[in-house]
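J.: quick one: sequence and predicted model below, then my questions.
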Amino acid sequence: MGHHSPLFYDKPLHLVRGEGVWLWDSEGKRYLDVYNNVPHVGHCNPRVVEAMHRQASTLNIHTRYLHDNIVDYLERLTGTFDDGLQMAMLTCTGSEANELALRMARFCTGGQGIIVTDFAYHGNTEAVAEIGTGFMPEARTTKRVKSFPIPDAYRPLDGLSGEALAQAYADRVQQAIDEFHAEGIKVAGILVCPDFANEGLLDVPPGFLEKAVAKVRQAGGVFIADEVQAGFGRSGRHFWAYQWYDVTPDIVTMGKPMGNGHPLAGVVARPEMIEAFSKEAMYFNTFGGTPVSTAVGMAVLDALEEDSLMQNAVTTGAYMAEGLRKLQRKHELIGDVRDLGMFFGVELVKDRATKVPAQAETRRLINLMRDKGVLISKIGVHDAILKLRPPMPFQTEHADILLHTLDEALTQLTEEVTA
Ligand SMILES: Cc1ncc(COP(=O)(O)O)c(C=O)c1O
């Protein structure tokens with residue numbers, strides 16, 4: 001795998017078993033999982049395992065034969081969208097979904113230019129690496145991609161706030177459009193995660209996204225919402241995170257939680273876009289949308305609904321957020337707490353006034369938490385934001401364990417720093 005294959009933690013974890021929100025390592029130690037969003041309806045969810053087993057024991061084949069599963073699944077999936085987004089294509093990974101969305105956007109608009117944030121990650125294929133401004137060498141040399149500053153109310157552009165801040169970020173999107181035009185490149189679209197999850201689960205100035213999308217549409221481009229992390233009810237009140245905004249995407253991409261760990265991902269788009277694209281560009285994905293994958297996808301939707309997991313994201317999410325804010329009042333290191341349903345970003349700073357990112361402290365903290373049996377991770381431009389994003393069956397009793405352990409770890413860290 002090579003020496004640079006990424007691993008979590010200074011002392012990497014060797015996991016052997018999972019159940020619900022719990023994981024066990026090879027020595028039998030139990031960990032509370034407050035990080036993994038892929039096992040969306042819980043590790044080894046029995047409904048999902050049973051559906052997978054049942055279909056795998058009956059038939060697994062690709063989508064060039066008729067099968068009820070894919071039709072039933074896509075009807076159910078597209079039923080979660082606003083009117084107008086009623087057609088879908090399935091893939092195996094979020095990267096493939098974004099790649100397909102880029103191809104579709106470029107094909108349908110006749111443009112090449114894509115606008116993303118200046119700290120974006122949307123996957124690992126060549127075209128998707130080009131838009132990976134936060135992590136990928138391809139993004140530094142491409143002419144087809146421009147970025148705008150991450151829309152962050154905690155570290156605002158030019159010290160602005162409210163409406164003026166939203167306008168300032170939207171103006172930077174307009175600047176990207178103008179630069180494309182000056183270089184003779186037509187705009188194909190804007191692609192963002194509506195939660196701005198990899199950027200650090202940002203507090204987006206209200207009105208920014210609506211303004212930015214309007215500018216892109218005026219320039220002939222489309223809006224692609226990358227819901228690979230944000231979707232499937234994680235934000236609680238809405239099934240899709242874009243539904244928090246007053247704008248409907250032309251294309252939505254999804255993955256990670258969709259198959260609870262089974263490789264299932266896809267694109268939902270305006271029917272006329274899918275029809276126009278697929279008429280010219282034959283799209284076939286050997287493993288995308290098989291009877292097994294779609295049985296798994298359906299079981300995930302069943303579990304979300306039958307276990308009222310979106311409602312749980314609202315109530316347990318609010319409980320967690322309140323607990324995190326209480327810790328913020330106690331620990332100087334916590335500069336900002338952000339929450340959206342069952343997704344939390346806790347920004348650590350050396351000093352609340354200067355907001356200097358506490359990068360080394362963040363790394364130490366997640367390792368301390370690991371040693372204490374709670375799994376979390378970090379994210380953001382400065383790698384100083386705790387990323388808490390547990391499986392959706394996470395309950396208040398689990399939140400209590402997280403909050404208690406985090407309190408302990410923060411106290412220990414503060415003692416270490418001041419020693
Ligand atoms: C927002 C977002 N989009 C796309 C991807 C790529 O998904 P995958 O790893 O399934 O290709 C990721 C993965 O981390 C992601 O966070």
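T.: Ah, there it is. Numbers count the residues shown, from 1 in each chain.

J.: skip the chain neighbours and tell me the closest residue to whichever residue of the chain sits closest to the ligand.
T.: Across the chain, the shortest distance to the ligand (C-beta to the nearest ligand atom) belongs to Gly94, at 2.5 Å. In this view, the C-beta of every residue, glycine as well, is placed from N, C-alpha and C. For Gly94, the nearest residue in space outside its immediate sequence neighbours is Gly255; the separation is 3.2 Å by C-beta to C-beta, 6 or more residues apart in numbering.

J.: residue boundaries of the helices in this structure?
T.: In the chain, the helices defined using DSSP state H lie at 46-56, 68-78, 94-109, 126-130, 138-141, 162-182, 208-218, 271-280, 291-306, 309-330, 359-371, 396-418.

J.: picking that back up, the residue of the chain closest to the ligand reaches Tyr121, doesn't it?
T.: No - using C-beta atoms under 8 Å, Gly94 is not in contact with Tyr121; the gap is 10.1 Å.

J.: who in this structure is up against the ligand?
T.: Counting by C-beta under 6 Å from any ligand atom, the residues of the chain close to the ligand are 93-95, 98, 121-124, 193, 197-198, 226, 228-229, 255, 265.

J.: those residues in strands, which ones?
T.: Applying DSSP state E to the residues of the chain next to the ligand, the entries found in strands are Asp226, Ala265.

J.: just to revisit the earlier point, doesn't Ala97 make contact with the residue nearest to Gly94?
T.: Yes - with contact defined as C-beta under 8 Å, Gly255 counts as touching Ala97 (5.6 Å).

J.: the more surrounded of those two?
T.: A side-by-side neighbour count of Gly255 and Ala97, using other C-beta atoms under 10 Å, places Ala97 first with 31 against 27.

J.: residues near the residue nearest to that one when sequence neighbours are not counted, how many?
T.: The spatial neighbour of Ala97 that comes closest, neighbours along the chain excluded (C-beta to C-beta, 6+ apart), is Thr253 at 4.0 Å. The tally of other residues near Thr253 (other C-beta under 10 Å) stands at 30.

J.: for the one 4 residues further on, same thing?
T.: Around Pro257 there are 26 other residues, counting by other C-beta under 10 Å.

J.: kindly report the same for Asp246.
T.: By the measure other C-beta under 10 Å, the count of residues near Asp246 is 11.

J.: for it, give me its contacts.
T.: Listed by C-beta atoms under 8 Å, 6 or more residues apart in numbering, the contact partners of Asp246 are Glu210.

J.: state the pLDDT value of it.
T.: According to the model's per-residue confidence, Asp246 sits at a pLDDT of 97.

J.: now Ser161
T.: Listed pLDDT for Ser161 reads 95.

J.: start and end of stretch 222-240, how far apart?
T.: End-to-end distance for stretch 222-240: 18 Å, by C-alpha to C-alpha, to the nearest Å.

J.: check which residues of it are buried.
T.: Residues of stretch 222-240 classed as buried by neighbour count (16 or more other C-beta atoms under 10 Å): 222-236, 238-240.

J.: then stretch 53-67?
T.: Residues Gln55, Thr63, His67 are the ones in stretch 53-67 that count as buried (16+ other C-beta under 10 Å).

J.: hmm, who's touching stretch 178-191?
T.: So stretch 178-191 is contacted by 98, 101-102, 105-106, 109-116, 120, 122, 131, 143-144, 146, 173, 177, 212-213, 216, 219-224, 226, 250-251 (C-beta under 8 Å, 6+ apart).

J.: I meant stretch 397-410, not that one.
T.: 21, 32, 34, 316, 319-320, 323-324, 326-327, 330-331, 333-334, 365, 368-369, 372-374, 376, 388, 390.

J.: could you list the alpha-carbon positions for stretch 160-168 in PDB?
T.: C-alpha atoms of stretch 160-168 as PDB (Å, rounded to 0.1, in the frame of the first residue of the first chain):
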ATOM      1  CA  LEU A 160     -17.600  41.500   7.400                       C
ATOM      2  CA  SER A 161     -20.800  40.000   8.800                       C
ATOM      3  CA  GLY A 162     -24.400  39.200   7.800                       C
ATOM      4  CA  GLU A 163     -25.700  40.300   4.400                       C
ATOM      5  CA  ALA A 164     -22.400  42.100   3.500                       C
ATOM      6  CA  LEU A 165     -20.400  39.000   4.100                       C
ATOM      7  CA  ALA A 166     -22.700  36.900   2.000                       C
ATOM      8  CA  GLN A 167     -22.400  39.400  -0.800                       C
ATOM      9  CA  ALA A 168     -18.600  39.600  -0.500                       C
END
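
J.: just how off-centre is that stretch within its chain?
T.: On the basis of C-alpha atoms, centre = their mean, to the nearest Å, stretch 160-168 sits 25 Å off its chain's mean C-alpha point.

J.: could you do stretch 76-85 as well?
T.: Shown here is stretch 76-85, whose average C-alpha point lies 19 Å from the average C-alpha point of the whole chain (C-alpha atoms, centre = their mean).
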